[in-house]
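**Student:** Sequence first, predicted coordinates after that:
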Amino acid sequence: MPALDSALISSKALFERLSFGNVCVIDASWYLPAMGRDPLAEYQKQHIPGAAYYDLDHWSAPNSDLPHTLPSPEWFTQGMQACGVNQDSEVVVYDGAGMFSAPRLWWLLKSFGHDDVKVLNGGLPAWLREGLPVEPGVPEISEGNYRATALPSGFVNANQVLDLVRGIGTAQIADARSAGRFSGAEPEPRAGLRSGHIPSSCNVPYGSLLDDAGELLPVETLKQIWQDKGIGQASAVITSCGSGISACVLALSLHECGISDVSVYDGSWSEWGGRAALPLSKGVA
């Protein structure tokens, strides 16, 4: 199959695009508690000029007992309209870590039917390294007219993953957590979760897909990483992580490799590790 169009954009290319009125830039920064960072405060201190801020926790499913899970089309519509997204907007998402939480919003937009969306490769750190302008405060954002479509098959639930574990289906499960968490040697950062991994899954720590600057590795390198896990263009893949954030970094890397049959396990280990009835494995797969 032909390679998919790249979902990445460079800092210089985005800076050139800012002179066109149809580009909607969104800061989708989110951090683990252990990172000790406040995404909103950092956004208010400095952000790409005109960028809106999208709170992944606030705009998630309101009544879920799991962190930042999939919102309804109606709730997601409100969130995107608040960020100034229109039906015909070219959307660019970024985060302050480089490449961590922005792919989650990229995946949400793609799953809700908005294909004209890219991820700033290297995020705000890359933008700053280029010496490009930033601004403080909160810009005035005009409400957009974006409307989410009914959700297609961008996400899967625990029952669908359990079917795979039981041998129903052929998709490969790829876990973005660290090797220690995957093997069960390290405790989970969220209290009350078991240690280990989903049986039959493979471990692809999301950081292994990034270079030292926090940018996605070249496509040929990414392809080799996935091929080493037995995953190629004809593969079906379900990505997972701790709570559905870094799983989207895996989904982005697969997209860059031209692998299109990809879904994200929304509940990820926050759900699987918290449900005693679900099977788990330990050790290196």
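**Tutor:** Done, it's in. Numbering: from 1, shown residues only.

**Student:** who touches P49 in this structure?
**Tutor:** By CB atoms under 8 Å, 6 or more residues apart in numbering, P49 lies in contact with 18, 133-135, 139. The way it works is simple: take the backbone N, C-alpha and C, and place the C-beta from them, glycine included.

**Student:** which of those are buried?
**Tutor:** Burial by neighbour count, 16 or more other CB atoms under 10 Å: within those this picks out L18.

**Student:** Distance to F100, pLDDT and secondary structure added to the contacts of P49, as CSV?
**Tutor:** Formatted as CSV, these follow (distance: CB to CB, whole Å; pLDDT from 0 to 100; DSSP: H, G, I helix; E, B strand; the rest coil):
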residue, distance to F100, pLDDT, secondary structure
L18, 23, 94, coil
P133, 23, 98, coil
V134, 19, 98, coil
E135, 22, 98, strand
P139, 23, 96, coil
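
**Student:** Tell me the one among the contacts of P49 nearest to W59.
**Tutor:** Minimum distance to W59 across those is 18.4 Å, recorded for P139 (CB to CB).

**Student:** Chain neighbours aside, what residue packs nearest to that closest one?
**Tutor:** If the residues on either side of it in the chain are set aside, P139 comes closest to G50, at 5.6 Å by CB to CB, 6 or more residues apart in numbering.

**Student:** list the contacts for that neighbour?
**Tutor:** Applying CB under 8 Å, 6+ apart, we find G50 in contact with 18, 25, 135, 139.

**Student:** and what of S64?
**Tutor:** S64 neighbours (CB under 8 Å, 6+ apart): none.

**Student:** Then the one 5 residues further on?
**Tutor:** If a contact means CB under 8 Å, 6+ apart, then T69 has 60-61, 244, 266-267 as its contacts.

**Student:** which among these end up buried?
**Tutor:** Looks like these have 60, 244, 266-267 buried, using 16+ other CB under 10 Å.

**Student:** could these be laid out in a markdown table, adding distance to Y206 and secondary structure?
**Tutor:** As requested, the buried ones among the contacts of T69 are arranged in a markdown table below (distance: CB to CB, whole Å; DSSP: H, G, I helix; E, B strand; the rest coil):
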| residue | distance to Y206 | secondary structure |
| --- | --- | --- |
| S60 | 20 | coil |
| G244 | 12 | coil |
| D266 | 16 | coil |
| G267 | 17 | coil |
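
**Student:** for the residues you listed, which one is nearest V85?
**Tutor:** S60 (17.2 Å).
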